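J.: Kindly generate the corresponding structure for this input.
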Amino acid sequence: MDPKQFVELQLAQGKNITDITQSLTASGWTTDQVNGVLTSLSAAPPPPPSSLSSDTQRPTASANALKLSFFDGLMHILSYISLYVVVTTILISINILVNIFLPPLGLTNGYSATASYYAASKATMYTYLISSIIVTLPLFVGFFIYTNKLTTQNPALLDSKARKFFSSTILVFIFIYVLILFIQIITSMLEGNITQNYLAKVIPALILVLPIFAYYGGELKKHVQFSTKIRLAFLFLILVYAFSCMLLLFTQVDAPLVRAGKTRDKLRVSAVQSLSYAIRDYYRINHAFPATLESIAANSVPYGTQNANVNLDPLTNKPYEYHVSDSANYTICVNFEQDEVETARSSLVQQMKQGTTVDFKKGNVCVPFEVKN
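T.: Below is the predicted model:
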């Protein structure tokens, strides 16, 4: 760092001229060189801190205000991007959770009309939101701490064009969101549609976005630098919202092992369907059942699976049980991992031998089939 930058940094941190001069001379610079740098900068001590407890005055940057390095600029960009993703995820989560725990009038399945597009894959949506928070929240916290430490050590960076641009971008997004939100509030009031469900979505959203707007809007003001307490309070607000949404979403999804078991059960159902089609075609051509499932597994690929080993259980990798009862009947046995009856299992009922019933529960289940000439 050259003497000029060093002097600017020390002045920004509140050091006096005497201390700065001693530091430079101790590093090998002559008194004339130091005085030349101070003269060129027209150096003056920074103004005293404000008595306000919420924020403090930051030193006025010189005409040659320090610029963000490439790395520091990248950290700022990633901080704002991660904040945008985290806040967007939280707002979406609030909307979903309110519909779950406080459904709109006339709706009992926990979905609003505007969110019906993901109703068929709600578990996947919940998991995606949880994953988004798990990935982006630590990133935002790390970037936020780093960039705030940087600006605390060098307040002149708060006046850098790059940081002001990023802060302004966040403010524009939040302003548009809040503007739309208030338009919706007024519209709902005029139509008489202010319900508990609606208020439960709007109030938490405003409590989140308004402090964000105030925080980054305050950073754009000259001579204002937020105290460490204010910054920690802002970070705490984001953390509380993120963890609350994540924990509530966890109550709506199965544990990873349960999800894995259900996924394998669906594969088993698909395999039984594919094998039954292949056995039917084999029977019509050869007028007899195949001796083993292995002999027709490859022929089952066109019937809904891309796995030539469709006759193998996805967990144990062992062949499904296959028994020929007589000249027209056979059974395929699979070992289900979960008790929950999936919609996919019910589709097997349409292919089963008529007049038979099967209890699709956890454990070994044998499905009877009949081939008619």
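J.: shaky segments in this protein?
T.: 1-3, 14, 16, 38-68, 105-121, 222-224, 297-308, 340-351, 353-357, 373 (pLDDT under 70).
J.: Enumerate the helices of it by residue range, in sequence order.
T.: Ranges of helices in the chain, per DSSP state H, are 3-12, 17-26, 31-41, 70-101, 122-153, 161-191, 196-219, 228-250, 256-286, 294-297, 343-349.
J.: and the angle for the fourth one with helix 196-219?
T.: Here helix 70-101 runs at an angle of 160 degrees relative to helix 196-219 (axes from the mean of the first three to the mean of the last three Cα atoms, to 10 degrees).
J.: helices and strands around helix 70-101, which ones?
T.: helix 122-153, helix 161-191, helix 196-219, helix 228-250 (3 or more Cβ pairs under 8 Å, 6 or more residues apart in numbering; DSSP states H and E). Yep, even glycine has a C-beta here, placed from its N, CA and C like the rest.
J.: Looking at the ones you listed, spot the one closest to residue 335.
T.: Taking Cβ to Cβ, helix 122-153 is the member of those nearest to residue 335, at 22.9 Å.
J.: Show me the domain layout of the protein.
T.: In the domain annotation for the chain, the residue ranges read 3-46, 70-250, 256-370 (automatic domain parsing).
J.: how about TSV for the ones you listed, with mean neighbour count added?
T.: As requested, the domains of the chain are exported to TSV (neighbours: other Cβ atoms under 10 Å):
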stretch	mean neighbour count
domain 3-46	15
domain 70-250	16
domain 256-370	15
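J.: sorry, back to before: could you save the helices and strands packed on helix 70-101 as JSON lines and add columns showing distance to residue 37?
T.: What follows is these, written out as JSON lines (distance: least, Cβ to Cβ, whole Å):
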{"stretch": "helix 122-153", "distance to residue 37": "20"}
{"stretch": "helix 161-191", "distance to residue 37": "25"}
{"stretch": "helix 196-219", "distance to residue 37": "30"}
{"stretch": "helix 228-250", "distance to residue 37": "31"}
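J.: Ok, which of these comes nearest residue 331?
T.: helix 122-153 (31.5 Å).
J.: on contacts alone, who are the packing partners of that closest one?
T.: Under the contact rule (3+ Cβ pairs under 8 Å, 6+ apart), helix 122-153 is packed against helix 70-101, helix 228-250.
J.: Quick one: work out the angle between it and helix 256-286.
T.: Going by the same axes, to 10 degrees, helix 122-153 makes 140 degrees with helix 256-286.
J.: Distance from helix 122-153 to the middle of the chain?
T.: 8 Å (Cα atoms, centre = their mean, to the nearest Å).
J.: do the same with stretch 244-256
T.: 13 Å.
J.: And it, end to end?
T.: One end of stretch 244-256 sits 20 Å from the other (Cα to Cα, to the nearest Å).
J.: wait, doesn't residue 132 sit right on residue 90?
T.: No - taking contacts as Cβ atoms under 8 Å, residue 132 lies outside contact range of residue 90: 9.5 Å.
J.: In space, what's closest to residue 127 - neighbours in sequence excluded?
T.: residue 253 (5.7 Å; Cβ to Cβ, 6 or more residues apart in numbering).
J.: whoops, I mixed them up, residue 83
T.: residue 140 (5.4 Å).
J.: Am I right that the one you found is in contact with residue 79?
T.: Yes - counting by Cβ under 8 Å, residue 79 is a contact partner of residue 140 at 6.7 Å.
J.: can I get the helices and strands packed on helix 122-153 in TSV with distance to residue 171?
T.: Below are the helices and strands packed on helix 122-153 laid out as TSV (distance: least, Cβ to Cβ, whole Å):
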stretch	distance to residue 171
helix 70-101	11
helix 228-250	14
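J.: among those, which is nearest residue 202?
T.: Using Cβ to Cβ, the nearest of the helices and strands packed on helix 122-153 to residue 202 is helix 70-101, at 9.5 Å.
J.: now the closest one, how far from the centre of its chain.
T.: Taking mean C-alpha positions (Cα atoms, centre = their mean), helix 70-101 and its chain are 8 Å apart.
J.: now the angle from that helix to helix 161-191?
T.: Going by the same axes, to 10 degrees, helix 70-101 makes 20 degrees with helix 161-191.
J.: Surely residue 339 is in contact with residue 359?
T.: No - using Cβ under 8 Å as the test, residue 339 is too far from residue 359 to be in contact (10.1 Å).
J.: could the helices of the chain be laid out in JSON lines, adding distance to residue 311?
T.: Below are the helices of the chain laid out as JSON lines (distance: least, Cβ to Cβ, whole Å):
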{"stretch": "helix 3-12", "distance to residue 311": "71"}
{"stretch": "helix 17-26", "distance to residue 311": "78"}
{"stretch": "helix 31-41", "distance to residue 311": "81"}
{"stretch": "helix 70-101", "distance to residue 311": "40"}
{"stretch": "helix 122-153", "distance to residue 311": "28"}
{"stretch": "helix 161-191", "distance to residue 311": "53"}
{"stretch": "helix 196-219", "distance to residue 311": "50"}
{"stretch": "helix 228-250", "distance to residue 311": "37"}
{"stretch": "helix 256-286", "distance to residue 311": "6"}
{"stretch": "helix 294-297", "distance to residue 311": "4"}
{"stretch": "helix 343-349", "distance to residue 311": "16"}
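J.: I'd like to know which of these is closest to residue 324.
T.: helix 256-286 (9.6 Å).
J.: tell me how far the closest one is from the chain's mean position?
T.: With Cα atoms, centre = their mean, you get 34 Å for helix 256-286.
J.: before we move on, what about stretch 316-323?
T.: 39 Å.
J.: Kindly report the same for stretch 143-156.
T.: Taking mean C-alpha positions (Cα atoms, centre = their mean), stretch 143-156 and its chain are 25 Å apart.
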